[in-house]
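>>> Using only what follows, build the 3D model:
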Amino acid sequence: MTLLDDFLIRAALAGVGVAIAAAPLGCFVVWRRMAYFGDATAHAAILGVALSLGFATSVFVGALAAALLMAVTVSSLSGRGYAMDTLLGVLAHSALAFGLVAVSFLHGVRIDLMGYLFGDILAVSKADLAVIWAGAALVLGLLWWRWSALLLSSLNQDLAYAAGLNPRREQMVLTVALALVVAVAIKVVGVLLIAALLIIPAATARPFATTPERMGIVAAVLGSLSAIGGLALSYQFDTPTGPSIVCLAAVLFALSSLSHVIRRA
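The predicted structure follows:
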């Protein structure tokens, strides 16, 4: 028997793998005020899940394709006469509704809809673990490669143009990374809670960060603590694991905000 034969070890490794990829990416989501963008991308994943099950293909590939298509569509339509919040609201809820309707047409296919909506981290297999960590490594590598360009484009687009960068290209890099995180996180926290794992650790880390790099590192640590702590609480009190992870992350955010207020006072 190996260490990975223990389902709790696999679940913990899966949670940490998603957290260390989602948290630094979440910093850019917070800086660019793209919370609803992440939400729309995550909601599209359920449509990808339904299509992948209908065509008997990999759920990861289907979720990645749908999330990527949604992210590219939003990026392409933004600034062309559509208010961003309206556009995101229409696309996010439409994709989720079409996905749920598509699932209802799947006959003879076993599907745990609650698992895809809210995550089923305890059912993570060794193959799922390999996909999660491969996706996390790809996202971290992408952020490491484009960090300075992404940061400058997020702070000031005019400065980015002056430095010879194309902000729309950097936006597309961020879009691809976001789609990857959504595809690997769907097994852990589900499509309805992915945005929370992106945003809450980054928002929690903000008061403790003196540099962008430090904010990304602190966010990754807090996200990992939320994943492991939420898993432990779920095991102890027999609560849903995905929501338990997000609840602990929310508690850490509340404590972070309280400490920030006390320090300022």
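>>> which element follows the host helix or strand of A134 toward the C-terminus?
Following DSSP states H and E, one finds A134 within helix 126-155. Downstream of helix 126-155, the first helix or strand assigned by DSSP H and E is helix 157-162.
>>> still on that earlier bit, what is the helix holding A134 packed up against?
Judged by 3 or more Cβ pairs under 8 Å, 6 or more residues apart in numbering; DSSP states H and E, the packing partners of helix 126-155 are helix 7-31, helix 157-162, helix 167-185, helix 212-237. In this view, the C-beta of every residue, glycine as well, is placed from N, C-alpha and C.
>>> quick one, that helix and helix 7-31 angle?
10 degrees (axes from the mean of the first three to the mean of the last three Cα atoms, to 10 degrees).
>>> list the buried ones in helix 126-155?
Neighbour counts over helix 126-155 (16 or more other Cβ atoms under 10 Å) mark 128-129, 131-133, 135-136, 138-140, 142-143, 146, 149-154 as buried.
>>> any chance of the helices and strands packed on helix 126-155 in TSV, with mean pLDDT, mean neighbour count and distance to A95 too?
Listed next are the helices and strands packed on helix 126-155 as TSV, based on pLDDT from 0 to 100; neighbours: other Cβ atoms under 10 Å; distance: least, Cβ to Cβ, whole Å:
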stretch	mean pLDDT	mean neighbour count	distance to A95
helix 7-31	91	24	18
helix 157-162	84	13	28
helix 167-185	87	22	12
helix 212-237	93	20	25
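>>> Throw those helices into a markdown table and include distance to F55, thanks.
Converted to a markdown table, these look like this (distance: least, Cβ to Cβ, whole Å):
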| stretch | distance to F55 |
| --- | --- |
| helix 7-31 | 26 |
| helix 157-162 | 40 |
| helix 167-185 | 16 |
| helix 212-237 | 32 |
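>>> Go through these and name the closest to A97.
Proximity to A97 (Cβ to Cβ) singles out helix 167-185 among these, at 17.7 Å.
>>> Could you point out the helix or strand that follows the closest one?
With DSSP H and E, the next secondary element past helix 167-185 is helix 194-205.
>>> could I have that next one exported to CSV, CA atoms only?
Listed next in CSV are the C-alpha coordinates belonging to helix 194-205 (Å, rounded to 0.1, in the frame of the first residue of the first chain):
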residue,chain,number,x,y,z
ILE,A,194,-14.3,28.0,-8.1
ALA,A,195,-14.5,31.7,-8.1
ALA,A,196,-14.5,31.8,-4.3
LEU,A,197,-11.2,29.9,-4.3
LEU,A,198,-9.8,32.3,-6.8
ILE,A,199,-10.8,35.5,-5.0
ILE,A,200,-11.0,34.9,-1.3
PRO,A,201,-7.3,33.8,-0.6
ALA,A,202,-6.1,36.7,-2.7
ALA,A,203,-8.3,39.2,-0.9
THR,A,204,-7.2,37.8,2.4
ALA,A,205,-3.5,38.2,1.5
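>>> Which neighbouring elements make contact with that helix?
helix 7-31, helix 35-54, helix 167-185, helix 212-237, helix 241-264.
>>> Other residues contacting that helix?
By Cβ atoms under 8 Å, 6 or more residues apart in numbering, the surrounding residues in contact with helix 194-205 are 18-19, 22-23, 25-27, 29-30, 35, 38-39, 42, 45, 178, 181-182, 185-186, 188-189, 215-216, 218-220, 222-223, 226, 245-246, 249-250, 252-253, 256.
>>> go with 7 Å
18-19, 22-23, 25-27, 29-30, 35, 38-39, 42, 182, 185, 189, 215, 218-219, 222-223, 226, 246, 249-250, 252-253, 256 (Cβ atoms under 7 Å, 6 or more residues apart in numbering).
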